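A.B. asks: pasting the structure only:
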């Protein structure tokens, strides 16, 4: 056996820990390669003159710490610690390192939320002060795990015609927390979960934390491929399906009514639940799309509905809500309490007043007009300038358009790097896929953060590269 | 086999689901008892005239849904769905149903956080408006996953003499979220975790979600029993230890310097991490206690430090911070992003200004004086009125005192119900134990929500019951 495995044991540290630490160093320093088979337990125990149990424990520790994995019947293999792909890591670092000055210079086609310039700050400041005057210290002291009761009532009244049982509405700190809480309440280890392919990475992370088995099903232009979906249902006991029913990220697809109804039938027939992430549906630009989320059609009590207020309202406010089927209300409430007790109280009170005094509706209308203009401009430019080079499905709403590169000469990752040199930032499709292969032919461009001038300039730059 | 198992299958539902649903109904309706052995796969498959695989799948589904468990080599057993004890459930419901009018009438000895009457609202309102004037929409739009940078700097400067690497400070939405995020980042399935006995139920829930194995070690008056602790370390590969180092809830115990140093040595020797929940250490009433958290002594980089701002400041504000060892910084940051993206921005900015302009220190001093008086009063009354009936360890700080009933004629749960009849609410020890047996001789009384008059009256009521 290679000399690298030799250790001079110290007196005061348990040997299995010393062996594990030694092996970690060898893996970190690449003396043992990623995926390399480690010595057998017998070999290493005789080489180091220790008990076999000591090696078993050392290997167990390596596995726990993410430095090794076991293949049944074959042995233990080294694993370099790296939980997200290096490109995803690089992609997110690039944005971390941009200053606000940089953002003035660049063209940002990556935006996923609304832009600060369309937010009338004074309205909100007034609302906050009204709350502080009205509620005093209560606005900051009281914590309600379900959320501020008046906000839950206002949501029910303004968005759901008071049709929801108030106990089933829970305020959360944004949609990501909603997914986390839902998963904690309903998904257990080795449960099977279906997601759309591609899907939101933040949801995948949550299901992985729950140690769920994840199945992916391809999207068609009106929602998931139901034949492939039912094939999985027939063969596997599925616990839940995670979906973005409107303006799916990144494809921009919305579900047809037919598919939504069929999904609910399947959920009832095969006894699974649907986590519906309805994150951008305020921004509908066409009468061809009606806002009819799965939850509104949910006669079987199969849908856990999650709505973010951060996407079209104020990203920094971190607010959203969930609607749960009655059977899960208690477990989801407990899950919320054990996740962060409750959501910030003042912000809830301010949002409640903002909605009930009519500011919310006014602001959404205002934003919708602005974004619709930018959407129409971007679509027109794509048709005119990029028509020979890309295909796309018209989202008819939301904040971005997903483009497919016709000519496969360039991958979306390569395109990303080339455009970055010219100060234009796009989102390459690979970001949205779990393997590191898919998504190379897609890229997403958003009009939320870019002015009209920048949209025109950006499309020009893309045209140059794709020619 | 009993007739109850018979099913008339429908055409359009997979048989295994129908069988599982049928069994769930039998368990819910108590026709099958909790813990009762279910028929063997062979028996049920021949009885229902279906394939054995169908029964295997039905039993798997029951397990996934929490309606059954398997004993290796013995079979499958029914389990009634109930994840927290009925008393804990009842206890929390009692408080949910109290209105604010009720709170005026009752004597509340259950408080775990500070009281609204000691919060100077105007200072905070001014601070919020300053932030809104200064930062405009940015105060609500920008989300920073690590937290608002100036707040992280101010925390480092005001509480840690700028000794912490800023990258290792992460803002979280309260201590509960800190525990959840830490667990997601470092605890994996089947990892071993040690907790104090008793400990905080919210931490137990988090570790259970991570499917950790939980070991409990008894507390002594200066911290955990280190002999029992090291026995566990010797025999098991421990991943982390969760501790409340100051004014442990509910016992009120603080760790001695000696035990803290020894703990850190052990963490280094046995390669585990310490999650230090430092939640009430602002409220020290005696010079015998110095604030020296494990983190400040952590030369081996073994401590994940969690500090809540909600306990002594504003419970409704949901803010706290973590300090991570450098080796975990990246995974903990990712864990935060996938939990709720970021914490509410405006509240962070307001808190930053509140601390940096000196209001924080002023308010803590003010609160400390008030609570110290109430603590001294309660202690004096306990010594004088309850001396024959209870033992206690003087906490010398915090918001409550934990009492042991000398005469075991009455359990703390019985005492709770009797005092509740007289409008006095205490916290019985059973709430803090995982089994439903321990804690019957302890109850916790808090002086945070009760006026001096109510403290006097409350101790009188307890005296009457314990006589």
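C.D. replies: Arrived safely. Predicted model only: the values in this text are computed from it and were never measured.

A.B. asks: and residue A:70, that's in a strand?
C.D. replies: Yes: with DSSP: H, G, I helix; E, B strand; the rest coil as the criterion, residue A:70 is part of a strand.

A.B. asks: Let's see the pLDDT reported for the residue lying closest to it once chain neighbours are set aside.
C.D. replies: Setting aside the residues directly before and after it, residue A:70 is nearest to residue A:76 in space (C-beta to C-beta, 6 or more residues apart in numbering or on different chains), at 5.3 Å. All C-beta spots, glycine's among them, are computed from the backbone N, C-alpha and C. Listed pLDDT for residue A:76 reads 89.

A.B. asks: you'd agree residue A:76 is up against residue A:60?
C.D. replies: No: contact criterion C-beta atoms under 8 Å: residue A:76 and residue A:60 do not qualify, at 9.4 Å.

A.B. asks: More neighbours: which of these two?
C.D. replies: residue A:76 (24 against 17; other C-beta atoms under 10 Å in any protein chain shown).

A.B. asks: so who does residue A:152 touch?
C.D. replies: A:146, A:166, A:169-171, A:321 (C-beta atoms under 8 Å, 6 or more residues apart in numbering or on different chains).

A.B. asks: Against chain B, how distant is residue A:275?
C.D. replies: The spacing between residue A:275 and chain B, counted by C-beta to the nearest C-beta, to the nearest Å, is 15 Å.

A.B. asks: The helix or strand harbouring that residue pairs with which strands, parallel or anti?
C.D. replies: Here residue A:275, judged by DSSP states H and E, is contained in strand A:273-277. Using DSSP bridges, strand A:273-277 pairs in its sheet with strand A:238-243 (parallel), strand A:303-308 (parallel).

A.B. asks: so which of those strands is the most packed in?
C.D. replies: Ranked by mean neighbour count, the strands paired with strand A:273-277 are led by strand A:303-308 with a mean of 26 (mean count of other C-beta atoms under 10 Å in any protein chain shown).

A.B. asks: What's the first helix or strand after that strand?
C.D. replies: Using DSSP H and E, the helix or strand that directly follows strand A:303-308 along the chain is strand A:320-323.

A.B. asks: what comes up buried for the helix or strand following that following strand?
C.D. replies: For strand A:320-323, the succeeding helix or strand toward the C-terminus, using DSSP H and E, is helix A:326-340. Buried residues in helix A:326-340, counted by 16 or more other C-beta atoms under 10 Å in any protein chain shown: A:328-329, A:331-340.

A.B. asks: Equivalent analysis for stretch A:294-302, please.
C.D. replies: Judged by neighbour count using 16+ other C-beta under 10 Å, the buried positions of stretch A:294-302 are A:294-296, A:298, A:302.

A.B. asks: Could you do stretch A:130-148 as well?
C.D. replies: Buried residues in stretch A:130-148 (16+ other C-beta under 10 Å): A:131-132, A:135, A:137-148.

A.B. asks: how much space between residue A:115 and chain B?
C.D. replies: For residue A:115, the distance to chain B - C-beta to the nearest C-beta - is 8 Å.

A.B. asks: Counting neighbours, what do you get for that residue?
C.D. replies: Applying other C-beta under 10 Å, we find 21 other residues in the vicinity of residue A:115.

A.B. asks: Then residue A:462?
C.D. replies: By the criterion of other C-beta under 10 Å, residue A:462 has 25 neighbours.

A.B. asks: Then residue A:39?
C.D. replies: 20.

A.B. asks: Please apply the same query to residue A:77.
C.D. replies: By other C-beta under 10 Å, neighbour count at residue A:77 equals 18.

A.B. asks: I'd like to know which of the strands paired with strand A:273-277 is closest to residue A:426.
C.D. replies: With respect to residue A:426, and counting by C-beta to C-beta, the nearest of the strands paired with strand A:273-277 is strand A:303-308 at 23.3 Å.

A.B. asks: Contacts for stretch A:199-212, please.
C.D. replies: Surrounding stretch A:199-212, the residues in contact under the criterion C-beta under 8 Å, 6+ apart are A:88, A:176, A:179-180, A:183-184, A:187-193, A:195, A:214, A:216, A:239, A:242, A:244, A:249, A:277, A:431-432, A:434, B:184, B:189, B:211, B:334, B:337-338, B:341.

A.B. asks: Quick check: buried residues in the longest strand belonging to chain A?
C.D. replies: Longest strand in chain A, counting residues (DSSP state E): strand A:213-220. If you call a residue buried by 16+ other C-beta under 10 Å, then strand A:213-220 has these buried ones: A:214-217, A:219-220.

A.B. asks: Identify the farthest-apart pair in those residues.
C.D. replies: Largest separation among the buried residues of strand A:213-220 by C-beta to C-beta: A:214 and A:220, giving 19.8 Å.

A.B. asks: which pair in the buried residues of stretch A:294-302 spans the largest distance?
C.D. replies: Spanning the widest gap among the buried residues of stretch A:294-302 are A:296 and A:302, at 12.6 Å by C-beta to C-beta.

A.B. asks: Give me the longest helix you can find in chain A.
C.D. replies: Across chain A, the helix with the greatest residue count (assigned by DSSP state H) is helix A:359-381.

A.B. asks: and it, does that touch chain B?
C.D. replies: No: between helix A:359-381 and chain B, judged by C-beta under 8 Å from any C-beta of the partner chain, nothing touches; the nearest distance is 11.9 Å.

A.B. asks: Beyond that helix, next helix or strand please.
C.D. replies: strand A:390-392.

A.B. asks: Sheet partners, orientation included, of the helix or strand following that next one?
C.D. replies: Counting by DSSP H and E, the element after strand A:390-392 in chain order, helix or strand, is strand A:400-405. Strand A:400-405 pairs in its sheet with strand A:390-392 (antiparallel), strand A:442-446 (antiparallel), by DSSP bridges.

A.B. asks: okay, the angle between the last one and helix A:359-381?
C.D. replies: In this case it means strand A:442-446. Strand A:442-446 and helix A:359-381 are oriented at 130 degrees to each other (axes from the mean of the first three to the mean of the last three C-alpha atoms, to 10 degrees).

A.B. asks: Quick check, central residue of chain A?
C.D. replies: residue A:202 (3.0 Å; C-alpha atoms, centre = their mean).

A.B. asks: Residue A:253: what's it in contact with?
C.D. replies: A:219-223, A:247, A:393, A:395.

A.B. asks: let's go with 7 Å and repeat that
C.D. replies: Residues counted as contacts of residue A:253 (C-beta atoms under 7 Å, 6 or more residues apart in numbering or on different chains) are A:219, A:221, A:223, A:393.

A.B. asks: What of residue A:386?
C.D. replies: Counting by C-beta under 7 Å, 6+ apart, residue A:386 touches A:459, A:462-463, A:466.

A.B. asks: just checking, which of these belong to helices?
C.D. replies: Reading helices off these with DSSP H, I get A:459, A:462-463, A:466.

A.B. asks: of the buried residues of helix A:326-340, list those near chain B.
C.D. replies: Checking the buried residues of helix A:326-340 against chain B by C-beta under 7 Å from any C-beta of the partner chain, the ones in range are A:338-340.

A.B. asks: can I get those residues in a markdown table with pLDDT?
C.D. replies: Shown next, in a markdown table, are these (pLDDT from 0 to 100):
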| residue | pLDDT |
| --- | --- |
| A:338 | 86 |
| A:339 | 86 |
| A:340 | 83 |
